[in-house]
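Need the 3D shape of this:
(one chain, ligands or ions: 1)
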Amino acid sequence: MRLYPRSEEILRKNRCFIPGGVASLNRSIKPEIVFVKRHGAYLCDAEGNRYIDYHAAFAPHFLGHNDPYVTEAVVRALRDHASLYGSGTTILEGQLAELICRHVSSVESVQFLNSGSEATYQAIRLARALTGRDHVVVMQGGYNGWHNDVSCNLMTPLEELGPRVSPGEYPYKGMSAGTPLDHQKLVHCINFNDLESVEYVCEKYPVAALITEPILQNIGVIKPEAGYLAGLRRLADRYGFVLIFDEVKTGFRHALGGYASICGVTPDLVVYGKALANGYPIAMLGGKKCLMEWFAHPEPSKRVLLAGTYNAHPVPTTAAIATIERLLMNEGEVYRHVEQLGGRMQQGLEKIVARLGLNAVVARQGSAFCLYFMDHCPKDWHDLAANHPFSLDEYLRRELIERGIYFFPVATKQCSISFAHSREDVEVTLRQVEESLRTIEGNILAK
Ligand SMILES: Cc1ncc(COP(=O)(O)O)c(C=O)c1O
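Sure, this is the predicted structure:
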């Protein structure tokens, strides 16, 4: 077992001044490793160990850490005295907005924020203003940020959740203390891939918005079944709720136009973060112009307040423009490269589990993949929680960390390939996965 004495020392110090010792508590995880350098596809920890990184800081690093093109643009901006003017508009935010409206077909008009959570918060508030309704539908197993409407029902243990409910809704299981009870009553949590439950909730409550990741990528890679997203569109039109695609993880990673451009379903509003600027803090909320205009509604009583000291800060805005430019270069070489590596990873993993006689499947969309120890790709959280051996998954992830492969050590978390990964990185990873699975004792393996 690797020891991490330097990491321990840094954490011990940080805990004196920061609750939990870390600035985002979902980064608090065992083994507690402090990373001190990141470059391309690699992470280095405080002890000097190097890892091939598939965590990608929860997925923003689609081009890899410190992509040279993006870094150069940012350095140039700083040299040119980039500063937050914070007064009036800027040429830069206009450039980014135009690029996005040109390349993301579901976006006619766009606003910028600093994080995915801010953007989903504003999307839901806008939906409430537009509809004059208060209720919101979210997905069991989806994650849309830390605020009151959405910080619930992610990886809820089945003992707490109870049996599968369809059509119907699950009890609200908050992820945060401090959410008022009255607010919880406005949030309705249903299965992904379950249109009947959407209808059930819409018949009972005045629903302002349904927010969903088009692929659930906070519990691996759970894809929409054929017709599901189109069904959501139909129900949004029938019941008059605002359909919000949370593409914070899928946006740019699967296509410039997000998963919406792949599935051909246009949401009313869409939210991007993470890969939008390859790791720099910026998010966007975009959609139909007639809806977005409510942020600047001429009637004050209808106007939705959108304000933020750091919105469209020149550094992340420059990084986002450079990221889009890089993604557009050489007729989509970035997407071709990650698709090739993703395909090789999937094929390699499938061969390994077949050789070892394991009950396992690989779910993948482009550069995002997850190995599930089940006989089918899960269709929703309930299916996953009932059938996937979480302890085996975590055991594998920890074993891989010992071997220099960093899959985030929480079961079912998505693995992310970047443009900086090489074929050799994938081959090394596959060898280490096979070795790791062979060393895991037979009684843990669900054969
Ligand atoms: C799908 C999705 N939506 C929203 C968020 C929240 O984004 P942020 O952490 O930037 O607030 C996340 C973060 O992981 C996410 O995965």
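
in the stretch 1-150 of the chain, which spans are strands?
Along the stretch 1-150 of the chain, counting by DSSP state E, counting those that start in this stretch, strands occupy 35-39, 42-45, 50-53, 109-113, 135-139.

cool, and the stretch 251-400 of the chain?
269-272, 283-287, 361-365, 368-372.

deepest of the ones you listed, which one?
Mean neighbours per residue, mean count of other C-beta atoms under 10 Å, is largest over the strands of the stretch 251-400 of the chain for strand 269-272, with a mean of 30. Where C-beta positions appear, they are placed from N, C-alpha and C, glycine not excepted.

can you pull the contacts of the closest residue to L92 other than its chain neighbours?
Nearest residue to L92 in three dimensions, chain neighbours excluded: T317, at 4.9 Å (C-beta to C-beta, 6 or more residues apart in numbering). Applying C-beta atoms under 8 Å, 6 or more residues apart in numbering to T317 gives the contacts 90, 92-93, 96, 112, 277, 282.

go with 6 Å
Going by C-beta atoms under 6 Å, 6 or more residues apart in numbering, T317 touches 92-93, 96.

By neighbour count, which of those wins?
L96 (26 neighbours; other C-beta atoms under 10 Å).

I figured that residue hits A320, correct?
Yes. Judged on C-beta atoms under 6 Å, L96 makes contact with A320 at a distance of 5.4 Å.

A209 versus the residue in the stretch 1-150 of the chain that the ligand sits nearest to, what's the distance?
Residue nearest to the ligand within the stretch 1-150 of the chain: G116 (2.3 Å; C-beta to the nearest ligand atom). Using C-beta to C-beta, to the nearest Å, G116 is found at 16 Å from A209.

what's around the one residue in the stretch 201-350 of the chain that gets nearest to the ligand, how many residues?
Among all residues of the stretch 201-350 of the chain, V248 sits closest to the ligand, at 3.4 Å; criterion: C-beta to the nearest ligand atom. Applying other C-beta under 10 Å, we find 31 other residues in the vicinity of V248.

again with A57
17.

Give me the pLDDT for it.
pLDDT for A57: 96.

List the buried residues in stretch 401-421.
401, 403-421 (16 or more other C-beta atoms under 10 Å).

Show me the subset of those residues that also lies near the ligand.
Residues of the buried residues of stretch 401-421 in contact with the ligand (C-beta under 6 Å from any ligand atom): none.

For G94, see how far away G231 is.
For G231, the distance to G94 - C-beta to C-beta - is 37 Å.

The two: which has the busier surroundings?
G231 (19 against 11).

Quick check: the more buried one touching L195?
Yes. Under the criterion of C-beta under 6 Å, G231 makes contact with L195 at 4.4 Å.

neighbours of the residue nearest to S422 when sequence neighbours are not counted, just the number please.
Nearest residue to S422 in three dimensions, chain neighbours excluded: A41, at 7.1 Å (C-beta to C-beta, 6+ apart). Neighbourhood size, A41 [other C-beta under 10 Å]: 23.

Look up how far E47 lies from A41.
In this view, A41 and E47 are 19 Å apart by C-beta to C-beta.

ok, now F295?
48 Å.

of the two, who's got more company?
Between F295 and E47, counted using other C-beta under 10 Å, the more crowded position is F295 (18 against 14).

for that one, what are its contacts?
By C-beta under 6 Å, 6+ apart, the residues touching F295 are 304, 306.

in the stretch 251-400 of the chain, which spans are helices?
For the stretch 251-400 of the chain, the helices defined by DSSP state H, counting those that start in this stretch cover 258-263, 289-292, 314-328, 333-356, 381-387, 390-402.

Which among those is found nearest to S7?
Within the helices of the stretch 251-400 of the chain, the stretch nearest S7 is helix 390-402; the backing value is 12.1 Å (C-beta to C-beta).

what element comes up after the closest one heading to the C-terminus?
Next along the chain after helix 390-402, taking DSSP states H and E as the criterion, comes strand 405-406.

Quickly run through the sheet partners of that following strand, with directions.
When pairing is defined by DSSP bridges, strand 405-406 lines up against strand 50-53 (parallel).

chain center to the strand it pairs with, what's the gap?
Taking the mean of its C-alpha atoms, strand 50-53 sits 21 Å from the chain's own mean (C-alpha atoms, centre = their mean, to the nearest Å).

Quick check: buried residues in that strand?
Applying 16+ other C-beta under 10 Å to strand 50-53 flags 51-53 as buried.

Over to stretch 91-107?
Buried-residue list, stretch 91-107, by 16+ other C-beta under 10 Å: 92-93, 96-97, 99-100, 103-104, 106-107.

Next: stretch 70-80.
For stretch 70-80, burial by neighbour count (16+ other C-beta under 10 Å) applies to 70, 73-74, 77.

How much space separates G343 from S367?
Distance check for G343 against S367: by C-beta to C-beta, it reads 10 Å.

out of these two, which sits in the more crowded spot?
Taking neighbours as other C-beta under 10 Å, G343 and S367 compare with S367 leading, 27 against 14.

OK, contacts around S367?
338, 342, 417.

Close to the ligand: what parts of the stretch 251-400 of the chain are there?
Counting by C-beta under 6 Å from any ligand atom, the stretch 251-400 of the chain comes close to the ligand at G273.
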